[in-house]
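>>> please work out how this folds:
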Amino acid sequence: MNLLWGWKGLLPSIKFTDDRVNTLRARNGQILEIGFVDIDGSRGRQALDWIETGVKVAAVAFAIWLGAGIARDTLSAIGFLAFNAMVLGLLVAALGVISPVIR
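This is a model prediction of the structure:
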């Protein structure tokens, strides 16, 4: 079974299809295509509520992704500076060990 986007009237729908893109039918012969217009508020959430929830989830996920990207760049810069400080510290320590030998 595959889930595909379709259209019922002017609103989108979700189709249940087989591998040859034929819309499946239930045992009672009803076509398995659920349109946004078919969802009424008396049985639960309305279609626009689901779309609103989806947009909110996408916005939060985008904010997390953007924050992680900024944190990655910031941590990379801190790591670069720490590595260079470590190398300079090792050079100073080496210079401190070698300077008595040179004198």
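>>> does A82 count as helix, strand or coil?
Applying DSSP: H, G, I helix; E, B strand; the rest coil to A82 yields a three-state assignment of helix.
>>> also A85?
A85 carries the three-state label helix when classified by three-state DSSP.
>>> any idea of the pLDDT on Q46?
Reading off the per-residue confidence, Q46 sits at a pLDDT of 64.
>>> ok, now N84?
At N84, the predicted lDDT confidence score is 97.
>>> kindly report the same for E33.
The score at E33 is 83. That number is its pLDDT.
>>> quick check: closest non-adjacent residue to it.
K15 (4.7 Å; CB to CB, 6 or more residues apart in numbering). Using the backbone N, CA and C atoms, a C-beta is placed for each residue, glycine as well.
>>> now do the contacts for the one you found.
K15 makes contact with 3-6, 23, 32-33, according to CB atoms under 8 Å, 6 or more residues apart in numbering.
>>> mind checking the end-to-end distance for stretch 15-33?
Stretch 15-33 has an end-to-end distance of 4 Å (CA to CA, to the nearest Å).
>>> next, the residue nearest the centre of the chain: secondary structure please.
For the chain, the residue lying nearest the average C-alpha position, counting by CA atoms, centre = their mean, turns out to be A61 (5.6 Å). Under three-state DSSP, the three-state class of A61 is helix.
>>> quick one: it from G67, how far?
In this view, A61 and G67 are 11 Å apart by CB to CB, to the nearest Å.
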